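Asks: Fold the following.
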Amino acid sequence: MSNVAVLSNRSHFWVFSAGALAVTAGVLLHLPMFWMGRGNGFRLVGMEMDAEMWWGMALICAGIAAAAWGLLPRRLAGPAHAATVTAPEDAPLGPAHWRLMAVLTLALVIDVMKPASLGFVVPGMRDEYGLSREMAAWLPFAALCGTVTGSVVWGALADLFGRRATILLSAVMFVGTSICGAMPDFGWNVGMCFLMGAAAGGMLPVTYALLAETMPSRHRGWVLVLVGGLGSVGGYLAASGFSAWLEPILSWRVLWLLNLPTGLLLVLLNALIPESPKFLLALGRTREAHETLKGFGCTVVDEGLAAPPADASGAFGPGRPRRLAGTTWALSIAALGWGLVNFGLLLWMPAHLVARGFSMALSSELLAASALIALPTVFAAALLYGRWSSKGALLLSLLLTAAGLAGVIHLEWVGAGGLSPVWSIALLIVGSNGVIAMLLPYAAESYPLRIRGRATGWVAACTKGGGLAAQALGLLGWVPAMAVVSWAILVPVLAALVLVALFCAETRGRDLRVLEAAPSP
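Replies: From the prediction side, this is the model:
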């Protein structure tokens with residue numbers, strides 16, 4: 001496949017390259033501080049930041065700004081009628097699609113690994129800085145704030161800069177945030193954690209938008225769910241593997257310093273990631289879009305881009321703005337509910353079960369079960385979403401989540417003397433894993449090109465927004481009883497169930513060109 005570069009002229013290319021090199025140099029200027037601590041287990045607390053580190057931070061800030069400018073796309077006036085190629089919706093699934101799937105899966109593994117490392121970083125950080133549990137909680141809270149911000153901002157940037165360009169910008173920021181591993185002060189760690197979360201939070205929705213715009217219609221659903229699910233599971237496995245391998249040798253700091261090689265790897269991987277041909281066409285860069293499409297196996301035709309299906313104009317009808325607004329409400333509420341379950345209820349559950357009289361062994365097994373169930377749930381979700389019904393699979397996951405919440409409420413009534421909590425928690429884990437596996441792919445398939453990045457980014461931000469609310473309660477020490485929490489989450493989950501049933505459309509196999517047939521709301 002011919003690679004069509006977003007860095008569309010030499011000046012932009014060299015500015016981006018200079019920015020990436022400046023960020024890398026800025027990080028390297030921090031490494032002597034890290035190495036100075038080798039004699040005492042790489043403990044840097046209390047050490048003064050030297051001049052090289054301050055110059056390094058200045059280089060990182062200037063480099064990120066330069067890289068962002070270098071990624072700004074050119075806009076051209078494309079011809080109204082020209083020989084073109086069939087749309088990606090009609091192409092067969094070929095080697096170029098499989099290569100893109102593999103590269104984006106690896107990119108998501110790297111992306112998810114960053115925030116997943118927090119759980120392995122916090123114990124060593126607490127010990128070195130002498131932090132209380134409440135103070136240490138500011139680190140994941142800052143990361144969640146960053147992911148919420150990054151999802152919204154990167155979604156908007158994806159509609160302005162392009163899909164590939166925003167992935168590149170995330171990679172450059174990953175490199176810059178690796179200096180967190182050399183910071184002698186906890187406050188700097190919190191600030192860098194916010195920036196790391198911003199970069200990580202933005203890549204996932206952009207990846208879904210790019211996949212939705214390049215995959216054939218009949219394969220798009222299962223591809224989106226599978227790539228996103230494998231990236232998420234792989235990221236957590238990579239974080240735990242690197243922690244077990246490197247942390248005993250180089251301390252918790254090495255998990256931040258890994259952002260340098262993995263971020264540079266992401267920059268290199270972008271040579272294998274094409275820009276969305278639909279985005280290139282929107283910029284008027286028709287020739288580049290054609291080259292990309294032909295690389296995906298699309299065939300040459302004589303007239304303009306293949307027309308939308310015959311029923312495109314009536315796909316949504318005059319009520320389309322109202323339907324899209326309803327879809328946004330449905331997906332946003334479902335995302336908030338998932339965040340409250342994943343970052344709140346499931347984290348609080350083991351300690352609460354022990355307090356209610358259940359064994360510590362059972363509580364620990366629940367945490368292990370969540371990891372074991374995640375991978376098979378991804379494959380089941382991809383199968384149901386792509387082969388049965390995208391809307392039906394999402395509704396089923398919401399229903400299982402609601403059933404799990406109802407089971408938790410029942411446990412609160414009967415206590416340890418009643419039924420085992422395993423089935424209720426299992427339903428909750430399977431349902432919530434299914435929701436997150438399908439939510440962003442469904443969002444990417446539900447909005448037209450010009451707002452797809454922003455809309456998918458907003459839904460991604462809502463998934464972290466629910467977690468932000470849950471973590472804020474934990475910071476304040478206001479964790480309510482599990483029955484109260486479960487009722488508070490059950491209401492939005494049931495509301496999302498109704499709204500999805502009423503306003504969300506079936507997207508399995510749907511030609512996304514129907515979304516361009518009517519103006520956006």
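
Asks: ok, which stretches of the stretch 251-400 of the chain are helices?
Replies: Assigned by DSSP state H, counting those that start in this stretch, the helices in the stretch 251-400 of the chain fall at 254-257, 259-269, 277-282, 286-295, 320-340, 346-355, 360-383, 390-414.

Asks: what's the answer for the stretch 51-200 of the chain, then?
Replies: Using DSSP H, counting those that start in this stretch, helices in the stretch 51-200 of the chain cover 51-70, 95-116, 118-129, 133-136, 138-161, 163-177, 186-212.

Asks: Find me the pLDDT at Trp388, would you?
Replies: pLDDT recorded at Trp388 is 94.

Asks: Check the burial of it by counting its neighbours.
Replies: Applying other CB atoms under 10 Å, we find 13 other residues in the vicinity of Trp388. The C-beta positions use only the backbone N, C-alpha and C, and glycine is treated the same way.

Asks: Now it. Nearest residue, chain neighbours left out?
Replies: Counting by CB to CB, 6 or more residues apart in numbering, Trp388 lies nearest to Arg508, which is 7.6 Å off, once chain neighbours are set aside.

Asks: separation between that neighbour and Leu490?
Replies: Distance from Arg508 to Leu490, counting by CB to CB, to the nearest Å: 28 Å.

Asks: rewinding a little: right, and the helices of the stretch 251-400 of the chain - which one's nearest Leu44?
Replies: Closest approach to Leu44 among the helices of the stretch 251-400 of the chain (CB to CB): helix 254-257, 11.8 Å.

Asks: And the contacts of the closest one?
Replies: The contact list for helix 254-257 (CB atoms under 8 Å, 6 or more residues apart in numbering) reads 31, 34, 117, 120-121, 177-182, 192, 239, 242-243, 246-247, 250.

Asks: Let me see the domain layout of the chain.
Replies: Here the domain assignment for the chain is 10-35+50-73+86-295, 314-516, based on automatic domain parsing.

Asks: What about Trp14, how many residues nearby?
Replies: So Trp14, with other CB under 10 Å, has 13 neighbours.

Asks: quick one, what contacts it?
Replies: Gly70.

Asks: SS state for the residue nearest to Trp388?
Replies: Three-state call for Arg508 (DSSP: H, G, I helix; E, B strand; the rest coil): coil.

Asks: In this structure it contacts Leu394, no?
Replies: No: contact criterion CB atoms under 8 Å: Arg508 and Leu394 do not qualify, at 10.9 Å.

Asks: Looking only at neighbour counts, state which of these two leads.
Replies: Using other CB under 10 Å, the more surrounded residue of Arg508 and Leu394 is Leu394, with 29 against 20.

Asks: Quick check: chain neighbours aside, which residue is closest to the residue nearest the centre of the chain?
Replies: The centre of the chain sits closest to Leu204, judged by CA atoms, centre = their mean, with a distance of 2.9 Å. Spatial nearest neighbour of Leu204, chain neighbours left out: Ala460 (5.8 Å); criterion: CB to CB, 6+ apart.

Asks: same question, Val485
Replies: Leu345 (5.6 Å).

Asks: For the one you found, give me its contacts.
Replies: By CB under 8 Å, 6+ apart, Leu345 lies in contact with Leu405, Val408, Leu428, Ala470, Met482, Val485, Ser486, Ile489.

Asks: Buried among these? Need that as a selection in PyMOL.
Replies: To isolate the buried ones among those in PyMOL, judged by 16 or more other CB atoms under 10 Å, type:
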select buried, resi 405+408+428+470+482+485+486+489
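
Asks: can I get the contacts of Leu345 in a markdown table with pLDDT?
Replies: Converted to a markdown table, these look like this (pLDDT from 0 to 100):
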| residue | pLDDT |
| --- | --- |
| Leu405 | 93 |
| Val408 | 86 |
| Leu428 | 87 |
| Ala470 | 81 |
| Met482 | 80 |
| Val485 | 88 |
| Ser486 | 90 |
| Ile489 | 93 |
